[in-house]
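1. Predicted model and sequence below, questions to follow.
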Amino acid sequence: MRNIEYVVYQEGQYFVSQCLNVDISSFGDSVDEAVFNLKDAVELYLKEEPNIHGYIDFGDEFAAS
C-alpha cells in the first residue's frame, strides 16, 4: 500500500483537497467531504491508469497522511 499525501484548504465556501502525489483535486462543503471526494477521485484515477508512477491497485486499500 502506498501513502497518499494531501492538503486541504478553504476557498470561498468550499474546502479543496489537493493530492500531492498525483495531480488530482476535489472539494466539498466540509473538510471530511473534501477528503472523501479526493479519495474517490484518486482511486478512480489510479484504476484507470494502473501503471502510472508505479502505483499498484490493492483493491479497497487507501492511505493518506
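-> Yes, it's here.

2. any idea how far stretch 14-26 is from the chain center?
-> Distance of stretch 14-26 from its chain centroid, counting by C-alpha atoms, centre = their mean, to the nearest Å, is 6 Å.

3. Now do that stretch: distance from first to last residue.
-> Taking C-alpha to C-alpha, to the nearest Å, stretch 14-26 runs 10 Å from one end to the other.

4. what comes up buried for that stretch?
-> Buried positions in stretch 14-26, judged by neighbour count with 16 or more other C-beta atoms under 10 Å: 15-19, 24-26. Any C-beta I mention is one placed from the backbone N, CA and C, and that applies to glycine too.

5. swap in stretch 38-49?
-> Going by neighbour count (16+ other C-beta under 10 Å), the buried part of stretch 38-49 is 38-39, 41-43, 46.

6. Tell me what residue 4 is bridged to.
-> residue 64 (DSSP bridges).

7. Residue 26: what secondary structure?
-> Reduced to three states with DSSP: H, G, I helix; E, B strand; the rest coil, the structure at residue 26 is strand.

8. residues touching it, list them.
-> 16-17, 34, 37-38, 40-41 (C-beta atoms under 8 Å, 6 or more residues apart in numbering).

9. go on, residue 10?
-> residue 16.

10. hey, what's it bridged with?
-> residue 15.

11. I'd like the distance between it and residue 33.
-> 12 Å (C-beta to C-beta, to the nearest Å).
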